[in-house]
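K.L.:
predicted structure and sequence below. I'll ask about it afterward.
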Amino acid sequence: MNLTVTLILLGTFLTLMGVCIWQERRPRVIGDVRMIPYRFIMLMLLIMSFATLAHAVSLYTGKAVTPRAGKFGTR
């Protein structure tokens, strides 16, 4: 994936997160059950946004994002 596609995906994820926030903040009708779990969808979109942002940073800088070694890591 190139940088343009990655940024389009990031924008799409953030837009969908905004739609989920808008749906979550709508006033509820008493006795009406929501069939779509918007908070779970927001959580998944947030995780995908962080991964896409890390991918965009690695594409922009040219260096791969490496995980840090743990306290007892071998690195």
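P.N.:
Perfect, thanks for sending it.
K.L.:
before we move on, what SS does residue 65 have?
P.N.:
Judged by DSSP: H, G, I helix; E, B strand; the rest coil, the three-state class of residue 65 is coil.
K.L.:
need the contact list for it.
P.N.:
Shown in contact with residue 65 (Cβ atoms under 8 Å, 6 or more residues apart in numbering): 54-55, 57-58. The C-beta positions use only the backbone N, C-alpha and C, and glycine is treated the same way.
K.L.:
go with 6 Å
P.N.:
54, 58 (Cβ atoms under 6 Å, 6 or more residues apart in numbering).
K.L.:
count the neighbours of the closest residue in space to residue 21 that isn't next to it in sequence for me.
P.N.:
Spatially, and ignoring its direct neighbours in sequence, residue 21 is nearest to residue 42 (6.9 Å; Cβ to Cβ, 6 or more residues apart in numbering). Close neighbours of residue 42, defined as other Cβ atoms under 10 Å, add up to 18.
K.L.:
who does the helix or strand hosting residue 42 touch, helix- and strand-wise?
P.N.:
If you go by DSSP states H and E, residue 42 is part of helix 38-61. Applying 3 or more Cβ pairs under 6 Å, 6 or more residues apart in numbering; DSSP states H and E, we find helix 38-61 packed against helix 3-25.
K.L.:
orientation of the helix it packs on relative to helix 38-61 in degrees?
P.N.:
Angle of helix 3-25 versus helix 38-61, following axes from the mean of the first three to the mean of the last three Cα atoms, to 10 degrees, is 160 degrees.
K.L.:
using CSV, write out every CA atom in helix 3-25.
P.N.:
Presented in CSV, the C-alpha positions along helix 3-25 are these (Å, rounded to 0.1, in the frame of the first residue of the first chain):
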residue,chain,number,x,y,z
LEU,A,3,0.9,6.6,1.3
THR,A,4,-2.1,7.9,-0.5
VAL,A,5,-4.2,4.7,0.0
THR,A,6,-3.1,4.6,3.7
LEU,A,7,-4.2,8.2,4.3
ILE,A,8,-7.5,7.6,2.6
LEU,A,9,-8.1,4.5,4.8
LEU,A,10,-7.1,6.6,7.9
GLY,A,11,-9.6,9.3,6.9
THR,A,12,-12.3,6.7,6.3
PHE,A,13,-11.7,5.1,9.7
LEU,A,14,-11.9,8.5,11.5
THR,A,15,-15.0,9.5,9.6
LEU,A,16,-16.7,6.2,10.5
MET,A,17,-15.7,6.8,14.1
GLY,A,18,-17.3,10.2,14.0
VAL,A,19,-20.5,8.6,12.7
CYS,A,20,-20.4,6.1,15.5
ILE,A,21,-20.0,8.9,18.1
TRP,A,22,-22.9,10.8,16.5
GLN,A,23,-25.1,7.7,16.7
GLU,A,24,-24.0,7.0,20.3
ARG,A,25,-24.9,10.5,21.5
